[in-house]
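Q: my questions are about this predicted structure, shown below with the sequence.
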Number of protein chains: 2
Amino acid sequence: MTDGRDTGLALDPRYDAAGLLTAVVTDHASGELLMVAHMNAHAFALTRETRLAHFWSRSRAALWKKGETSGNMLRVVEMRIDCDQDCVWLIVEPAGPACHTGARSCFFRRVTPDGLERIE
Amino acid sequence: MTDGRDTGLALDPRYDAAGLLTAVVTDHASGELLMVAHMNAHAFALTRETRLAHFWSRSRAALWKKGETSGNMLRVVEMRIDCDQDCVWLIVEPAGPACHTGARSCFFRRVTPDGLERIE
């Protein structure tokens, strides 16, 4: 089943009950998944306007311009949205590590049958 | 700030209030983002055991073996987890289109200043 939101060309984001979209961030050069975060309408608008990734921090309940303190901003090369418009894909050029642990990507551990294995 | 969950090698998924993890699915061959879905503990366990992607359908409130009706299963080549262990990354070999619209990826529209633009 599809409807206008699924296949049409009108931007009609479907925010969840908390007013958020999921945002998936990949590296423009390597294609690597860097991080997953959330955006409220304000963060989404600021990201579109400035071409720098802005999120909504659920833990701090505050607007979060990625890299504002660390300097590791994410410049948005392209933004896409999924079929039901509740998730955006940011293809970015990162200025530095995306993860707060200092790793390039937040996904630096592989899930194995026994637990986790560090990748880099 | 980091803790054991952030940097350690113990698998300790952090399910949200609804008992779900976010699952990001990319294509092993192309690197393309295919879809974003959710997993409860059962779907996560089945995915690890069978190496076929299982999700929790929030709209149907049911376990969802991807491709069970369409045949478009997702074979998991590798699974990673992010720093706070609330999101998993599935790197897969898709048997067919990942999107219910028939598109290869759910992210077939670009966000432009004016609205959306179809990519393929």
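A: Looks like it arrived, so ask away. Numbering: from 1, shown residues only, chains lettered A, B, ... in the order given.

Q: send me the lowest-mean-pLDDT helix or strand in chain A as PDB with only the CA atoms.
A: Within chain A, no helix or strand scores below helix A:4-7, which has a mean of 93 by mean pLDDT, DSSP states H and E. The C-alpha trace of helix A:4-7 is given here as PDB (Å, rounded to 0.1, in the frame of the first residue of the first chain):
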ATOM      1  CA  GLY A   4       1.000  10.400  -1.400                       C
ATOM      2  CA  ARG A   5       3.400  10.700   1.500                       C
ATOM      3  CA  ASP A   6       5.000   7.400   0.400                       C
ATOM      4  CA  THR A   7       5.700   8.200  -3.300                       C
END
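
Q: against which helices or strands is the helix or strand following that helix packed?
A: Sequence-wise, the next helix or strand downstream of helix A:4-7 (DSSP states H and E) is strand A:21-27. Using 3 or more CB pairs under 8 Å, 6 or more residues apart in numbering or on different chains; DSSP states H and E, the elements in contact with strand A:21-27 are strand A:33-39, strand A:87-94, strand B:21-27, strand B:33-39. Heads up, the C-betas are built off the backbone N, CA and C, glycines and all.

Q: go again using 10 Å as the cut-off
A: On a contact count with 3 or more CB pairs under 10 Å, 6 or more residues apart in numbering or on different chains; DSSP states H and E, strand A:21-27 meets strand A:33-39, helix A:41-50, strand A:54-57, strand A:74-81, strand A:87-94, strand B:21-27, strand B:33-39, strand B:87-94.

Q: got the confidence number for the closest residue to A:Arg109 other than its chain neighbours?
A: Using CB to CB, 6 or more residues apart in numbering or on different chains and skipping residues adjacent in sequence, the residue nearest A:Arg109 is A:Leu116, 4.3 Å away. According to the prediction, A:Leu116 has pLDDT 97.

Q: partners of A:Leu116 in the sheet?
A: A:Val111 (DSSP bridges).

Q: that one: what's it in contact with?
A: Contact partners of A:Leu116, counting by CB atoms under 10 Å, 6 or more residues apart in numbering or on different chains, are A:Phe108, A:Arg109, A:Arg110, B:Thr7, B:Gly8, B:Leu9, B:Ala10, B:Leu11, B:Asp12, B:Arg80, B:Ile81, B:Gln85.

Q: can you check A:Asp3 too?
A: By CB under 10 Å, 6+ apart, the neighbours of A:Asp3 are A:Cys83, A:Asp84.

Q: look up how far A:Arg109 lies from it.
A: Distance of A:Asp3 to A:Arg109, given as CB to CB, to the nearest Å: 38 Å.

Q: quick check, A:Ser30 in a helix?
A: No. Counting by DSSP: H, G, I helix; E, B strand; the rest coil, A:Ser30 falls outside a helix, being coil.

Q: so it makes contact with A:Ser105?
A: Yes. Between A:Ser30 and A:Ser105 a contact is recorded at 9.1 Å, counting by CB atoms under 10 Å.
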